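A.B. asks: Mind looking at a prediction? Sequence and model below.
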Amino acid sequence: MLDNSLEALDRAHLVHPVVALRAHERRGVTVLESGKGCYLSDNQGNELLDGFAGLWCVNAGYGHKSVVAAAAEQMERLPYATGYFHYGSEPAIRLAAELAELAPRDLDHVFFTLGGSDAVDSVIRLVRYYWNAKGEPNKKHFIALEAGYHGSSSNGSGLTALPMFHDKFDVPMPWQHHIPSPNPYRHPAGPDGNAVIAASVQALRDKVAEVGPDKVAAFIMEPIQGSGGVIVPPDGFAKAMETTCRELGILFIVDEVITAFGRTGPMFACEHEGLNPDFMTIAKGLTSGYAPMGAVLMAKHIYDVIADAASDGVPLGHGLTYSGHPVSAAVGLEVLKLYRGGMIENSIKVGAYFEERLRFFRDHPLVGDIRSKGLLAAIELVSDKKTKAKFPSEKKLASKLSEAGYRNKLIFRAFPDGTLGFAPPICITETEIDLLIDRVDATLKVISEA
């Protein structure tokens, strides 16, 4: 007799992102059924505090009826409208205008994507077009940071600098380069922030000189390196890198797919240091994960070069079927109302409380480093606090952490090196932060005793 349970169907047919496939077949799926606020419920009746906002994305929290109503109304009225051939829809137009109003000062043009990976790929194409239009066709090389994440698409995965996204995928490509991560805990120049910044600036200069100043197109960075382990650079790092890019004549791209929309406090992490990038990528919190959508924001001077490059009437050869999808855009507009209606203020207030409460773990024998910026944080576990030695891979610490967290009714990101990552919904309360800390403490006790 056929087993048609969800678990059996999942094992037989569904390929999950970023899992060990055979291990997943043995383990089976955890089926999530519903969500409300900062909590998720699975089909076994467990209510879990979501300390990771889905996948860094459900910033507004689950179950907002106003967002659901906006999507339903738009779906009934106009479920799809192409952005090709001069067509458009009201939600996409209004969302682009709102984003241009909110974004750093020069970013006033918006191209919508389905998520972060294709936003990064779109930037790569547009950067190439820009330099070709400027009459500098040799500028094809991109520089990114080690431990950075810029998607898992064919091009973006090469700018990503995490081994699992390279292994057997034939990336990075020859035009993709990396310089050391500005991680004060592990950088050779650390922990002094100024020394890390100086070393990073020099590394960028050296890499440009090595590749050739006439060949480097752009430098791309996350304000905080999310999937690399929530690495928080020293204050002033991003501004120093922007200034260096200007001096070197290369474009400065900020990837805010994770950090935007209140995740670190303000609407955009660029605001911490007054950044004014040439391009910015966003996704995740743009719709709070309620519908797929990402975007590329480009500065006016970039847009003008691209717009004027072709003969009059010749189209720009880049597009996506679901660019500016009206339902996703309607969701984005409604989510922005929530952010602007008090959630950004809550994120700033509760984020400061979260950072304070995380200090509770400073003296834990397994805790090597605690990193945080607002409601984005990590606890890095080590086997030896003095040497900062990581746990050996055969310990399978990430799996043990995930399982222990689940038993303690908490979801967080368990990185392969034994780092715990946190990005709770920005609607979270101080009381819920206390609960999260208590459940992390219980989880670490399980690991300490194992």
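C.D. replies: Sure thing, it's come through.

A.B. asks: Could you check how sure the model is about the one helix or strand Y129 maps to, as an average pLDDT?
C.D. replies: Using DSSP states H and E, Y129 sits within helix 116-133. Summarised as a single mean, pLDDT over helix 116-133 is 98.

A.B. asks: Stretch 52-60 too?
C.D. replies: 98.

A.B. asks: One more: stretch 333-341?
C.D. replies: For stretch 333-341, the per-residue pLDDT averages 98.

A.B. asks: which residues in this structure form helices?
C.D. replies: Secondary structure of the chain (DSSP state H): helices at 6-13, 21-27, 53-56, 65-77, 90-102, 116-133, 156-159, 193-211, 237-248, 300-309, 326-338, 344-358, 397-407, 430-449.

A.B. asks: Distance from the chain centre to the last one, please.
C.D. replies: In terms of CA atoms, centre = their mean, to the nearest Å, the gap separating the centre of helix 430-449 from the centre of its chain is 24 Å.

A.B. asks: just stretch 244-261 next, same as before
C.D. replies: With CA atoms, centre = their mean, you get 14 Å for stretch 244-261.

A.B. asks: List the buried residues of that stretch.
C.D. replies: 244-245, 248, 250-261 (16 or more other CB atoms under 10 Å). For every residue, glycine as well, the C-beta is placed using N, CA and C.

A.B. asks: Specify the beta-bridge partners of D50.
C.D. replies: I411 (DSSP bridges).

A.B. asks: how far away is the spatially most central residue of the chain from R128?
C.D. replies: Closest to where the C-alpha atoms of the chain average out (CA atoms, centre = their mean) is I258, at 2.6 Å. Look at I258 and R128: by CB to CB, to the nearest Å, they are 25 Å apart.

A.B. asks: Domain boundaries for this structure, per the record?
C.D. replies: Using automatic domain parsing, the domain parsing of the chain gives 6-64+342-449, 66-338.

A.B. asks: Of the ones you listed, which stretch is the most buried?
C.D. replies: Mean neighbour count, computed with mean count of other CB atoms under 10 Å, is highest for domain 66-338 among these, reaching a mean of 20.

A.B. asks: what about that one, distance to the chain center?
C.D. replies: 10 Å.

A.B. asks: what do you get for stretch 363-370?
C.D. replies: Counting by CA atoms, centre = their mean, stretch 363-370 comes out at 25 Å from the chain centroid.

A.B. asks: which ones are touching the closest residue to D214 other than its chain neighbours?
C.D. replies: Leaving aside its sequence neighbours, D214 sits nearest to N138 (CB to CB, 6 or more residues apart in numbering; 5.3 Å). By CB atoms under 8 Å, 6 or more residues apart in numbering, the contact list for N138 reads 212, 214-215.

A.B. asks: can you pull the contacts of the residue lying closest to the residue nearest to the centre of the chain once chain neighbours are set aside?
C.D. replies: Nearest residue to I258, sequence neighbours excluded (CB to CB, 6+ apart): G226, at 4.0 Å. G226 sits next to 56, 149, 258-259, 376, 421, 423 when contact means CB under 8 Å, 6+ apart.

A.B. asks: Can you list the neighbours in contact with the helix holding Y129?
C.D. replies: 111, 113, 137, 139-140, 142, 150-156, 159, 217-218, 220, 251, 253, 255, 257, 279, 281-284, 294-296, 298, 302, 305-306, 308-309, 316, 318, 320.

A.B. asks: That one vs helix 300-309, what angle?
C.D. replies: Computed with axes from the mean of the first three to the mean of the last three CA atoms, to 10 degrees, the direction of helix 116-133 lies at 60 degrees from that of helix 300-309.

A.B. asks: C-alpha coordinates for helix 116-133, CSV please?
C.D. replies: Extracted C-alpha coordinates of helix 116-133, given in CSV (Å, rounded to 0.1, in the frame of the first residue of the first chain):
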residue,chain,number,x,y,z
GLY,A,116,17.8,38.3,-3.6
SER,A,117,19.7,35.9,-5.8
ASP,A,118,18.2,37.3,-9.1
ALA,A,119,18.6,40.8,-7.7
VAL,A,120,22.4,40.1,-7.4
ASP,A,121,22.4,38.6,-10.9
SER,A,122,20.6,41.6,-12.2
VAL,A,123,23.2,43.9,-10.7
ILE,A,124,26.0,42.0,-12.3
ARG,A,125,24.3,42.4,-15.7
LEU,A,126,23.6,46.1,-15.2
VAL,A,127,27.1,46.8,-14.0
ARG,A,128,28.5,45.2,-17.2
TYR,A,129,26.1,47.2,-19.3
TYR,A,130,27.1,50.4,-17.4
TRP,A,131,30.8,50.0,-18.0
ASN,A,132,30.3,49.0,-21.7
ALA,A,133,28.1,52.1,-22.1
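
A.B. asks: if we can go back for a sec, narrow the contacts of helix 116-133 to those in strands?
C.D. replies: Among the contacts of helix 116-133, DSSP state E puts 111, 113, 142, 217-218, 220, 251, 253, 255, 279, 281-282, 294-296, 298 in strands.

A.B. asks: Show me which of those residues is closest to V382.
C.D. replies: D255 (27.9 Å; CB to CB).

A.B. asks: For that closest one, give its distance to A103.
C.D. replies: In terms of CB to CB, D255 sits 14 Å off from A103.

A.B. asks: Centre of the chain to stretch 388-397, how far?
C.D. replies: Average the C-alpha atoms of stretch 388-397, do the same for its chain, and the two points are 25 Å apart (CA atoms, centre = their mean).

A.B. asks: So what touches that stretch?
C.D. replies: 185-186, 368, 381-383, 414, 416-418, 447.

A.B. asks: 10 Å instead, please
C.D. replies: Stretch 388-397 has contacts (CB atoms under 10 Å, 6 or more residues apart in numbering) with 23, 185-186, 366, 368-369, 380-384, 398, 400, 403, 414-419, 447, 450.

A.B. asks: Quick check: end-to-end length of that stretch?
C.D. replies: Terminal residues of stretch 388-397 are spaced 16 Å apart (CA to CA, to the nearest Å).

A.B. asks: Over to stretch 292-312?
C.D. replies: Start-to-end, stretch 292-312 (CA to CA) is 33 Å.

A.B. asks: returning to that earlier point: if I look at D255 and A103, which residues touch both of them?
C.D. replies: 277, 280, 282.

A.B. asks: so which of the residues you listed would you say is closest to V230?
C.D. replies: Nearest member of these to V230, counting by CB to CB, is I282, at 18.3 Å.

A.B. asks: ok, now how distant is that closest one from E356?
C.D. replies: 28 Å.

A.B. asks: What of K349?
C.D. replies: K349 is 11 Å from E356, by CB to CB.
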